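Visitor: sharing a model prediction with you, sequence too.
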Amino acid sequence: MRIALFATCIVDAMYPDTAHATVKILRRLGHEVIFPENQACCGQMHINSGYMPEALPVVENHISAFDTEGYDVAVAPSGSCVASVRHQHGFLADRLGRPDLKERAARVGARTYELSQLLTDVLGITDAAAELGSYFPQSITYHPSCHGMRSLKLEDRQLNLLKSVAGITVNELPEADQCCGFGGTFSIKNSEVSSAMLEDKVKNICSTNASLCAGGDASCLMHIGGGLSRSGAKPTTLHLANILASTKDEVFLP
Amino acid sequence: MTHVFLGMPAAGQGNLHASEPFPQAAHHELGNTQLRANLRHATHTIRDKRLKVVGELPDWEELRDAGEAIKNFSMATLEQRLEEFERNFTAAGGTIHWARDAAEANEIVTALIREQQVAEVVKVKSMATQEIGLNEHLEAQGIDAYETDLAELIVQLGHDKPSHILVPAIHRNRTEVRDIFLREMPEVDPELTDDPPRLAEAARRHLRKKFLTAKVAISGANFALADTGTLGVVESEGNGRMCLTLPETLITVMGIEKVLPSWRDLEVFMQLLPRSSTGERMNPYSSLWTGVTPGDGPQNVHLILLDNGRTRALSDRVARSALNCIRCSACMNVCPVYERTGGHAYGSTYPGPIGAILSPLLTGIEAEENNSLPYASSLCGACYEACPVKINIPEILVHLRAEDVDSRRGQARLPSQMDLLMKGGSWALGSGKHLGLLEKALPLGQLAAGRRKKIKKLPGIAAGWTASRDIPAPPSKSFRDQWNAEKRSQ
Amino acid sequence: MRAKEEILGRIRCALGDGPIPAEIPRAYRTGSLLPDDEVIELLVDRLVDYKAGVLVLDAAQAPQAVAEILHAARTVVYPQGLDTQLLGALPETVELIADGRQRQLSVAELDQADAVITSSAVSIAESGTIILDGSADQGRRAISLVPDHHLCVVPASTIVQLLPEAMERLTITRPLTWISGPSATSDIELERVEGVHGPRTLDVLILRDA
Ligand code: SF4
């Protein structure tokens, strides 16, 4: 299959390792990965902050980068960016009276997948150790990000993949389904409430005694990681793509 | 001067406003550790109960689908539904009044009480009368209104404000309730403990005589059934039955959006509501009445149909489903923001996620500080998942944020930091080239992070972020650059 | 009537975009699949969960059970239309007072009574709900409300599993009272406590048909 990588702006700029890991996993399965060059961002920061006209060029750019015949499916290592592509682009097009854009958005959305969704639903992977060679000898806990869990209904896809990695120990995170408090500009506009939510997430992570917290969204992980680091806690955060890409020959060291 | 045309939806008034911006209000509440402990305990208790009873029904999703569609149908045909209801309720001996806003509703209620020549009334918990500030209005008119719902009683005796739509005293724990009772109930046993059954008994004794002698009762209504002219109240304690059955005069105040097309629709809502609100299979008591029944219950029965901004909300195509709300409170019980700030931070009668959309929809986004409410959410989506009538609260929040941003565009003012950030972001993220150019500056970020590889302090609006979170040092090269370099080398 | 016209005008204006109401999907359960004895079992389970007292008996055993349940009462109210055989085994010492068209008890009189016994119209097993509709054997709403102890008779033939099944048997325009356990509140820390303003004791006699 020809798979187009939508790296997402935050992974592109802040976590290139995670994008490399995604590419590695897919190549290991024998797929060709392309990187549509004009991609930038899904636009959800603008949309979620209420800046619709400002969001339009961002969304239009994403759609023109991905509304091409040059690939079979697109993948992003992020639940919330895929949720935005699938649900928010049409909403924005509607709001700004752009039926043409809405149609194209639907086309792109229909074949854009979150990483665990692509691996499980499209590529039929159920055992990361056996099928991807994934090996990660550490104890982790796992935070399911809200948009993946609720908008995309990923259910246990990410967790099941993580559990099937060789060498790993997965400690259950108490109150895992609770938001970490990121919420894009929410963490700036309502930073105190956001911090209160983060504080509980950090406490819960520390209670698992895991050495790191994995997840599927770099932005939430950056938020949680920022809280862990500030509170002086030991655990760090890591994207699940990095864990799945890690092998016996090339163990990923966070 | 603005002209008001007959038939133009108008803004609601009354207890619907945030009087200080949400982040400030939240700041005060976050500092109250007792409040946070009370809220955490209460919301977590109810979440578990709700999940258990919802999980029992194999057709929960089908019931939600039906509930959503029935409400949409009612809203799309509201005029016919209300006229049909009025015809049937009137034919059964009830009297209907229409109130455009809070002031008009308060006047109608006052006049109806005066007709009965009484100076006190009993009340069963009602969001609509809370919204219009009826108790305050009656007090100014020299009429005492006694709240009879336990939580409302706690709020009233505590000279407090409600903070939740189902359990207005959710912010109080049992010890605080006992202290309020000891202070405010003259006849109470001074040995009263904080054991909830003892507290419930104290409330029973305190109100018993009032119930048995009241001439006039005031209620809200959970449902109005158009094709039969029936009203329904759902409750737990029996205070509702007391108010709806014993007095001679019953005055009900209800928002126009509460009407359901058919009596059969009850089979959907009586499954959705109790499970979503108190987390019970069914609430202890529900009462249904159709106008007047000779020889049974009040013989002088009135209903005030209230607009107070509802038509304004109805005119918003994207957000009108907010009117589908059946006030179950599930959205606030699951909301991580509500859990930490409590209901008072929202300013309005309607707190939590539904309040964050309903208050600005009823009053207009520009009213007082209501434009801060749609931002009081991380958009985690827990509310949408819990809502029995599937109101897409996160989407409406985003829509109202856009209304807010747009409403400020026309004003002559300096752009805010957020405006500038979004404008710049629109350019930077609007093409791969621009983003790529910007990413060339990543090493600067590394410089800022220094040897600790952490950014600990940012200026301006981002200072809130770095108050409790570090930012990692960026990489020296973006993925885009690395990918291109790899491709060139091949 | 200006207010009415104005509000209806506002509604027309608000719906100017002409929303089309979609078909209402009713894919939820409307018919029970359980055999009758399991439906009764379900109702018992739910009522016990609400902390009601429940007995399942043959109709012939009912008078004896009524007498046992109400043995401590001095005055018992009943609706005029109640099958008085139910009261046959009560001892002489219990004062029985009928409430009906000829003589309506005052609220104060009801408050003096120790208990009330009524029949019921329909019961829903899944939610543990008993519905009274004001028929002659159930009486007006006040009588089952004011006395502190309610003994409610539920003929097995009136029990259904699901709420939609109950709707078919109800006349919605009668004054209806749906009862699911004794009065209760969750207003203190959202924990349920039984016994507030309504009857604090609810006993239910489920009578199998003769
Ligand atoms: S919005 Fe939905 S969940 Fe919230 S109170 Fe209304 S009906 Fe309940």
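Guide: Perfect, I can see it now. Residues are numbered from 1 along each chain as shown, chains lettered A, B, ... in the order given.

Visitor: isn't B:R50 right next to B:R275, touching?
Guide: Yes - under the criterion of CB atoms under 8 Å, B:R50 lies in contact with B:R275, with a separation of 6.7 Å. Using the backbone N, CA and C atoms, a C-beta is placed for each residue, glycine as well.

Visitor: which of the two has more neighbours?
Guide: With neighbours defined as other CB atoms under 10 Å in any protein chain shown, B:R50 and B:R275 compare such that B:R275 has more, 28 against 23.

Visitor: tally of neighbours for B:L225?
Guide: Neighbours around B:L225, by other CB under 10 Å: 26.

Visitor: tell me the contacts of it?
Guide: Each residue near B:L225 by CB atoms under 8 Å, 6 or more residues apart in numbering or on different chains is listed here: B:85, B:231-232, B:259-260, B:262-263, B:265-266, C:172.

Visitor: how near is it to chain A?
Guide: As judged by CB to the nearest CB, to the nearest Å, B:L225 and chain A stand 33 Å apart.

Visitor: okay, and the beta partners of that residue?
Guide: Beta bridges link B:L225 to B:T230, B:L260 when assigned by DSSP bridges.

Visitor: gap between it and C:R141?
Guide: With distances taken as CB to CB, to the nearest Å, B:L225 is found 18 Å from C:R141.

Visitor: for the stretch 151-254 of chain A, which segments count as strands?
Guide: Along the stretch 151-254 of chain A, counting by DSSP state E, counting those that start in this stretch, strands occupy A:169-171, A:212-215, A:236-239.

Visitor: and what of chain B?
Guide: Secondary structure of chain B by DSSP state E: the strands cover B:95-99, B:120-123, B:144-147, B:216-219, B:223-225, B:230-235, B:249-255, B:259-260, B:285-289, B:300-306, B:454-455, B:471-472.

Visitor: and for chain C?
Guide: C:53-58, C:75-79, C:95-99, C:115-118, C:122-124, C:129-132, C:149-155, C:159-160, C:176-179, C:184-185, C:193-194, C:201-208.

Visitor: weakest of those by average pLDDT?
Guide: Least confidently modelled of the strands of chain C is strand C:193-194, at a mean of 88 by mean pLDDT.

Visitor: does chain B have contacts with that one?
Guide: Yes - counting by CB under 8 Å from any CB of the partner chain, chain B is contacted by strand C:193-194 at C:193-194.

Visitor: okay, and the helix or strand of the chain with the least pLDDT?
Guide: Here I'm looking at chain A. helix A:186-189 (a mean of 94; mean pLDDT, DSSP states H and E).

Visitor: please go with chain C instead
Guide: Using mean pLDDT, DSSP H and E, the weakest-scoring helix or strand in chain C turns out to be strand C:193-194, at a mean of 88.

Visitor: got a list of contacts for that strand?
Guide: With contact meaning CB under 8 Å, 6+ apart, strand C:193-194 is reached by B:196-197, B:200, C:50-51, C:181-186, C:200.

Visitor: same thing but at 10 Å, please
Guide: Residues outside strand C:193-194 that contact it (CB atoms under 10 Å, 6 or more residues apart in numbering or on different chains): B:150, B:195-201, B:236-237, B:284, C:50-52, C:181-187, C:200-202.

Visitor: how far out from the middle of the chain is it?
Guide: 18 Å (CA atoms, centre = their mean, to the nearest Å).

Visitor: partner strands of it, with direction?
Guide: Applying DSSP bridges to the sheet, strand C:193-194 is found paired with strand C:184-185 (antiparallel).

Visitor: would you mind giving the domain segments of chain B?
Guide: B:22-311, B:431-489 (automatic domain parsing).

Visitor: for the residue in the stretch 51-200 of chain A positioned nearest to the ligand, which non-adjacent residue is closest in space?
Guide: The nearest approach of the stretch 51-200 of chain A to the ligand comes at A:R150, 14.2 Å away (CB to the nearest ligand atom). Closest residue to A:R150 apart from its sequence neighbours, by CB to CB, 6 or more residues apart in numbering or on different chains: B:G381 at 3.8 Å.

Visitor: tally of neighbours for that neighbour?
Guide: Neighbourhood size, B:G381 [other CB under 10 Å]: 22.

Visitor: next up, the contacts around it.
Guide: A:83, A:146-147, A:149-151, A:179, B:334, B:353, B:392-395.

Visitor: so what's B:L260 up against?
Guide: B:67, B:70-71, B:73-74, B:81, B:85, B:222-227, B:230, B:232, B:266, B:268-269, B:326.

Visitor: burial count for C:A166?
Guide: C:A166: 25 surrounding residues under other CB under 10 Å.

Visitor: what's the distance between it and C:D45?
Guide: With CB to CB as the criterion, C:A166 and C:D45 are 17 Å apart.

Visitor: before we move on, what about B:A42?
Guide: Look at B:A42 and C:D45: by CB to CB, they are 27 Å apart.

Visitor: for chain B, what's the longest helix?
Guide: Identified as the longest helix of chain B according to DSSP state H is helix B:33-55.

Visitor: low-confidence bits of chain C, can you list those?
Guide: C:1, C:210 (pLDDT under 70).

Visitor: which stretches of it form helices?
Guide: Using DSSP H, helices in chain C cover C:2-14, C:36-49, C:62-69, C:107-112, C:163-169.

Visitor: before we move on, what about the stretch 301-450 of chain B?
Guide: For the stretch 301-450 of chain B, the helices defined by DSSP state H, counting those that start in this stretch occupy B:310-314, B:330-334, B:336-341, B:352-363, B:382-386, B:393-409, B:417-428, B:432-439, B:442-449.

Visitor: would you list the phi and psi of A:V33?
Guide: When read as degrees, to the nearest 10, the backbone of A:V33 gives phi -110, psi 130.

Visitor: for chain B, see how far away it is.
Guide: For A:V33, the distance to chain B equals 10 Å [CB to the nearest CB].

Visitor: mind listing what that residue touches?
Guide: Counting by CB under 10 Å, 6+ apart, A:V33 touches A:1-5, A:19, A:22-27, A:71, A:75, B:483.

Visitor: can you put the strands of the stretch 151-254 of chain A in a markdown table and add mean neighbour count?
Guide: What follows is those, written out as a markdown table (neighbours: other CB atoms under 10 Å in any protein chain shown):
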| stretch | mean neighbour count |
| --- | --- |
| strand A:169-171 | 16 |
| strand A:212-215 | 26 |
| strand A:236-239 | 22 |
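
Visitor: in TSV: these, plus distance to the ligand and mean pLDDT.
Guide: As requested, those are exported to TSV (distance: least, CB to the nearest ligand atom, whole Å; pLDDT from 0 to 100):
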stretch	distance to the ligand	mean pLDDT
strand A:169-171	33	98
strand A:212-215	27	98
strand A:236-239	32	97
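
Visitor: out of the ones you listed, which gets nearest to B:Y375?
Guide: strand A:212-215 (24.3 Å; CB to CB).
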